[in-house]
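S.K.: model the following, please.
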Amino acid sequence: MKFEEILAKDLHRYLVSQGYVDSMMPECQDLDNLWQSVAEAYLPDGVREFADYPLTSLGWIMFTGMALAKMWDTDWTTYSLRSGSDIYNMLKQQRGFDALDDYVLEDVLSLSSEKCRAVATVVGECAARSLSALQHSHFEAGTKEATEAYVAALHALYRCGIAMGLNLLGYHMTAIG
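M.R.: Sure thing, here's the model as predicted:
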């Protein structure tokens, strides 16, 4: 099994246990299609922060996914005309990269302060699990494999952020049949 698949399954199990996603992950092709563009815009910030703030570097992509889920839910006709990099940069410009989490939780999702703390704690745990997976995979720092693993972790976290965002908005994934 590939690194991203293993990490995604671990993150999903954790999020289900915390009640932040359903046992079925949502399919949202509109937001999946933005991944490459979001990643290209996010990577310079994420890589810059990784050495000193690895949990921020990993976790903030989840907040980006949550924000995109909200945009998809509320006004996708407008937002679909923009690239993922434009949307990410718009989110970041509101309060800066360091406060991206607060901006998404407070202004985009409009969560109560108690819910903000709870969601931030869950994102922190997801980031910690991802960092641990990267560290225990023994990829040599600076190699192509290490970079690919980092991007794979970001992708898994992004998809989890979308799933959390949709769940917070009241979407629930159940089997049809």
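S.K.: against residue 101, how distant is residue 135?
M.R.: 23 Å (Cβ to Cβ, to the nearest Å). (Glycine included, C-beta is placed from N, CA and C.)
S.K.: who's more crowded, those two?
M.R.: residue 101 (22 against 10; other Cβ atoms under 10 Å).
S.K.: and the more buried one, how far from residue 58?
M.R.: Taking Cβ to Cβ, one finds residue 101 at 12 Å from residue 58.
S.K.: now residue 99
M.R.: On the measure of Cβ to Cβ, residue 99 and residue 58 end up 17 Å apart.
S.K.: who's more crowded, these two?
M.R.: More crowded of residue 99 and residue 58, by other Cβ under 10 Å: residue 58, with 26 against 12.
S.K.: can you pull the contacts of the more buried one?
M.R.: 46, 50, 126-127, 130-131, 153-154, 157 (Cβ atoms under 8 Å, 6 or more residues apart in numbering).
S.K.: and what about the closest residue to residue 145 other than its chain neighbours, helix, strand or coil?
M.R.: Spatially, and ignoring its direct neighbours in sequence, residue 145 is nearest to residue 139 (4.9 Å; Cβ to Cβ, 6 or more residues apart in numbering). Here residue 139 is coil, with the state taken from DSSP: H, G, I helix; E, B strand; the rest coil.
S.K.: surely residue 139 touches residue 152?
M.R.: No: contact criterion Cβ atoms under 8 Å: residue 139 and residue 152 do not qualify, at 10.4 Å.
S.K.: neighbour count for the two, which is higher?
M.R.: residue 152 (21 against 17).
S.K.: counting contacts, what elements does the host helix or strand of that one pack onto?
M.R.: Taking DSSP states H and E as the definition, residue 152 sits inside helix 144-168. With contacts taken as 3 or more Cβ pairs under 8 Å, 6 or more residues apart in numbering; DSSP states H and E, helix 144-168 sits against helix 3-17, helix 35-50, helix 54-79, helix 113-136.
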